[in-house]
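Novice: I would like the atomic coordinates for the input below:
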Amino acid sequence: MTNGIKIFSGNSHREFAILVAKRLGLNLANCVVNKYSNQETSVTIGESVRDEDVFIIQSGCGEINDNLMELLIMINACKTASAKRITAVMPCFPYARQDKKDKSRAPITAKLVANMLTVAGANHVITMDLHASQIQGFFNIPVDNLYAEPSTLKHIRDCIPDFSSGVIVSPDAGGAKRFLKINSRATAIADKLDVEFALIHKERKKANEVSRMVLVGDVKGKACILVDDMADTCGTLGLAAKVLMENGATKVYAMVTHAVLSGKALEVINNSCLEQIIVTNTIPQDHIAPLCPKLQFIDVSSTFAEAIRRTHNGESISYLFNYVPN
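Specialist: Coordinates of the predicted model:
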């Protein structure tokens with residue numbers, strides 16, 4: 001049942017919002033987001049939301065600050081228009097990497113974003129593969145952190161023919177302890193595929209610059225699948241692929257949930273040893289896909305659509321942690 005649902009979209013990833021709405025048999029609700037000449041954001045909600053269950057889809061990508069401000073204003077506009085419940089659907093959570101004080105006087109910006117969403121009027125947040133799962137604790141409203149893992153597993157089984165004799169590799173030792181308390185993102189996938197696991201320890205001199213990488217595990221004569229939550233400049237993936245090939249790997253694939261792909265990322269991917277880099281569509285890639293033939297895409301709109309339907313109907317969403325909706 002989808003009666004009483006209103007789905008709005010900001011400008012960050014409208015194509016994704018259309019896919020989600022279509023899977024629910026709905027059209028996007030009428031909303032106009034513009035900018036005044038002084039760059040202030042203007043939002044006009046074009047239909048009644050009184051006593052409706054409102055879902056606003058806006059990913060943390062592109063012009064992140066503008067898109068975040070759009071989302072906050074849209075939430076507040078729906079709140080003051082007497083919406084029953086407002087859910088911020090954020091496929092990629094903005095500022096997720098600023099989740100702790102890693103140096104003196106560093107801000108915890110992910111906590112600031114959580115505060116802003118709550119103050120604006122959000123009652124609930126749906127996101128995917130948070131960079132650090134403890135970000136959920138920054139909120140005093142419910143947060144559903146969906147996983148790309150079921151879609152990733154399905155793609156590996158369907159599209160990577162030599163996966164059964166391969167190795168799942170975490171390109172960052174930090175990633176090996178970030179996902180849940182016992183299983184990392186990479187080890188969880190390795191366990192479910194019943195394949196071996198390896199990790200790469202990396203040392204950074206400064207942000208986005210890796211100085212040294214050390215492989216822990218045996219990859220000789222095997223296909224490797226690098227698994228990570230986010231790829232920004234892709235320096236880590238490029239170097240990791242090189243290290244794996246130097247240690248005897250036959251092929252190297254990369255599976256990434258959020259493909260930021262900033263700076264020289266496309267150049268790094270095209271010139272790397274990577275066979276393919278498979279990414280979800282939590283961030284729009286249509287404009288750069290023709291420039292990078294190694295990019296492959298996984299559509300996770302069905303997972304978000306089912307999460308919205310289950311949230312609206314008061315059903316559990318834990319099913320989505322292990323299965324891909326039809």
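Novice: just how off-centre is stretch 238-250 within its chain?
Specialist: 25 Å (CA atoms, centre = their mean, to the nearest Å).
Novice: ditto for stretch 75-94
Specialist: 19 Å.
Novice: ends of that stretch, how far apart?
Specialist: Start-to-end span of stretch 75-94 (CA to CA, to the nearest Å) is 16 Å.
Novice: what are the buried residues along that stretch?
Specialist: 75-79, 83, 85-94 (16 or more other CB atoms under 10 Å). C-beta: built from backbone N, CA, C; applies to glycine.
Novice: in the stretch 151-300 of the chain, which spans are strands?
Specialist: Ranges of strands within the stretch 151-300 of the chain are 167-170, 196-206, 209-216, 223-231, 251-259, 276-280, 295-298, based on DSSP state E, counting those that start in this stretch.
Novice: pick out the shakiest of those strands, pLDDT-wise.
Specialist: Confidence, taken as mean pLDDT, is least for strand 209-216 of the strands of the stretch 151-300 of the chain (a mean of 73).
Novice: which ones are touching R85?
Specialist: Contact analysis of R85 by CB atoms under 8 Å, 6 or more residues apart in numbering lists 53-54, 123-124.
Novice: strands - which of the residues you listed land there?
Specialist: Of the positions in the contacts of R85, 53-54, 124 sit in strands, assigned by DSSP state E.
Novice: returning to that earlier point: which one of the strands of the stretch 151-300 of the chain lies nearest to A148?
Specialist: For these, distance to A148 was read as CB to CB. The smallest value, 4.4 Å, belongs to strand 251-259.
Novice: who wins on neighbours among the ones in strands among the contacts of R85?
Specialist: Each of the ones in strands among the contacts of R85 was scored for neighbours by other CB atoms under 10 Å, and V54 scores highest at 27 neighbours.
Novice: surely that residue touches A81?
Specialist: No - using CB atoms under 8 Å, V54 makes no contact with A81, being 9.0 Å away.
Novice: still on that earlier bit, which among the buried residues of stretch 75-94 gets closest to L24?
Specialist: V89 (11.9 Å).
Novice: perfect, that will be all.
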